[in-house]
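> Model the structure of this input:
(chains A and B)
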Protein chains: 2
Amino acid sequence: MDALKLTMPALGIDLGGTKIRAAAVLDNKILGEPLQVPTPNGPDNIVRAILDLVIAFQAKYILKGIGIATAGIIDGETGEVIGSTGNLPGWTGTPLKLAVERSTLLPVHVENDANAAAFGEVSARNLRGLKCVCVVTLGTGIGGGLLIDGKLFRGAHWGAGEVGHARISLGNKRLCTCGLFDCWEAYGSGRGMVATAKDILQGLTPGQSPLLELMPELTTRQIVKAANDGDIIAQRAINVWHEHVAIGIVNLAHVLDPDVFVLTGGMAECVDFALLHEMVVDRCMARIGENMNIQKSELEGIAGIIGAAQLVLDAILERA
Amino acid sequence: MDALKLTMPALGIDLGGTKIRAAAVLDNKILGEPLQVPTPNGPDNIVRAILDLVIAFQAKYILKGIGIATAGIIDGETGEVIGSTGNLPGWTGTPLKLAVERSTLLPVHVENDANAAAFGEVSARNLRGLKCVCVVTLGTGIGGGLLIDGKLFRGAHWGAGEVGHARISLGNKRLCTCGLFDCWEAYGSGRGMVATAKDILQGLTPGQSPLLELMPELTTRQIVKAANDGDIIAQRAINVWHEHVAIGIVNLAHVLDPDVFVLTGGMAECVDFALLHEMVVDRCMARIGENMNIQKSELEGIAGIIGAAQLVLDAILERA
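So this is what the prediction gives:
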């Protein structure tokens, strides 16, 4: 028998709007490279794709359980998708845990993707002994996961950690993709950085910034490159974006006073952590600011996979 | 022996910037009327005043313990004041629990005043079985207390619940008494209502509002009276103030998704709860908004006394 089979990992699956990634996870580490397939259309096809991934991994491992991270609000008891985002049309109402358990006969845990990533970070960093950890996912949008005493805090109706939709401005200035105005996400996400750059570029004349030639399309990658190449307009946009990121962290710090913030997601790569720390402390009450600890994720995009898998292992242990 | 002596209440003390109030508390109710003395100057005199109150109550009751609610950040283990507000100069560094225990030989618990009020609300309403309760004190400033699984959540460094200093606006528009800009407190407190009214009154000409004659001094009481008397400018100020109160609640709802918000403090009297509920739900993601539950305190200013006393009773039970 294959020696790896004896170790019995869990399968972690990260279901995103464009792709589904999966890897076998043991002791907070993935075994080998993750498998990846495009996200198909519609709930039935997504469940089928997940089951195909399970079968692919069962050829190599005896799986202990399956953890699935997905966008949307998840009922942690039934594993049902009870609130969905625009990224996965028709996803609300899917009894995901039940569907996968029935077909695989394995224990399944379904978790909101930001929560799963948060649990992965805390689990992999051995931070479960802390009082409070805030994990903020800075990507196209902003998500969050809160750990209190080493456990995910999901709120009274599974909706906690929607930190991207806290409001950081008055006056209905910027529309968020959620339909609300002035959400943190509308400013501090990748989309927010682009919107801020476009605001600054408005009214400039050709030649004042190389970004003008890229309009009306503009990507965070282009803004960061222009800033690195010395364009002061791009640098200004990135500086203002840091201020916007800072404000959301300031707000969480005053509400929760966590031991540590961990920033993850693609946009965490664009953060100047020294600058962000300074901006956050400047905007905090002294007593809150002096304990400020903001760290960068070290899991590079696999936090959700690891977290989902560790959550099902935890659930199995709790039941045992 | 006096029958009341047999019941053994705890003494609850609420230490404010202008007065110290105390009452014997049993089963979440105060026995008789609270005693009240002016807050003297300096930590030594304050401790002496507290001890005098203890002696006054010991003439009537056999006290089980003493709970003290005070402004400032309190180390929950040592009962020391580790961060102070402007209301009590020189208060930081006071080993309050130790000082009162040494002189009275009774168990003492010291708690931040907003936390104590929150615990009092939850304890008196029998809400300790809920997942999460947010108690917001709307007064001259804004404070908060968070209960998770029936226990006060104080954060990693005793600073959680400083919800009044979350930032709700960009651009350094309004200075808060804490020295930061655009804190929720600068808009949603009583002081915030006055500032909003003054903003609106600027540029008006005499006769457009009776409030103009009261400038530059202006109180929330005057604004509320003018609104009730039909002044549309005052009504506008109160409407905008409701929007400001709503935004802070929206932010807490997205972060914590609590079972219920309880609003307490003097300014809670000025809240139109139907209007506030509508404004909050309008600014929330559907899934968060549909569970919104905002209630008014029923303890009318004695929440801190009850909470402080119940906290010391709890601490005694936990030790037993």
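> separation between whichever residue of the stretch 201-320 of chain A sits closest to chain B and residue A:132?
Closest approach between the stretch 201-320 of chain A and chain B, counting by C-beta to the nearest C-beta: residue A:257, at 2.7 Å. Where C-beta positions appear, they are placed from N, C-alpha and C, glycine not excepted. Distance of residue A:257 to residue A:132, given as C-beta to C-beta, to the nearest Å: 7 Å.
> now swap in residue A:122 and tell me
10 Å.
> Check the contact lists of the two and give me the overlap.
Both residue A:122 and residue A:132 are contacted by residue A:147, under the criterion C-beta atoms under 8 Å, 6 or more residues apart in numbering or on different chains.
> Which residues are in contact with whatever residue of the stretch 101-250 of chain A ends up closest to chain B?
Here the stretch 101-250 of chain A gets closest to chain B at one residue, residue A:155, 2.7 Å apart by C-beta to the nearest C-beta. By C-beta under 8 Å, 6+ apart, the residues touching residue A:155 are A:161, B:131-132, B:256-258.
> Next: residue A:279.
A:242-243, A:246.
> Same check on residue A:54?
A:11, A:63, A:66, A:100, A:104, A:106.
> which ones among the residues you listed are found in helices?
A:100, A:104 (DSSP state H).
> which two from the contacts of residue A:54 end up farthest apart in space?
Using C-beta to C-beta, the contacts of residue A:54 span at most 11.5 Å, a distance reached by A:63 and A:100.
> tell me the angle the lengthiest helix in chain A makes with helix B:232-256.
In chain A, taking DSSP H as the definition, the longest helix is helix A:232-256. Helix A:232-256 runs at 80 degrees relative to helix B:232-256, counting by axes from the mean of the first three to the mean of the last three C-alpha atoms, to 10 degrees.
> Three-state assignment for residue A:185, please.
Here residue A:185 takes the helix state, with states given by DSSP: H, G, I helix; E, B strand; the rest coil.
> how many other residues sit next to it?
29 (other C-beta atoms under 10 Å in any protein chain shown).
> same deal with residue A:281?
18.
> next one: residue A:157
19.
> from what I can see it touches residue B:292, true?
No - with contact defined as C-beta atoms under 8 Å, residue A:157 does not reach residue B:292; the gap is 10.1 Å.
> check contacts around residue A:193.
A:220, A:223, A:237-238, A:241, A:267, A:270.
> give me phi/psi at residue A:151?
Backbone torsions of residue A:151, given as degrees, to the nearest 10, read phi -120, psi 150.
> count of neighbours near it?
Residue A:151 has 12 nearby residues by other C-beta under 10 Å.
> Out of the contacts of residue A:279, who's the most crowded?
Going by other C-beta under 10 Å, residue A:246 tops those with 23 neighbours.
> so what's that residue closest to, chain neighbours aside?
Excluding the flanking residues, the one nearest residue A:246 by C-beta to C-beta, 6 or more residues apart in numbering or on different chains is residue A:279, at 3.9 Å.
> now swap in residue A:174 and tell me
Per C-beta to C-beta, 6+ apart, closest to residue A:174 is residue A:186, 4.5 Å.
> what about that neighbour, distance to residue A:17?
Taking C-beta to C-beta, one finds residue A:186 at 18 Å from residue A:17.
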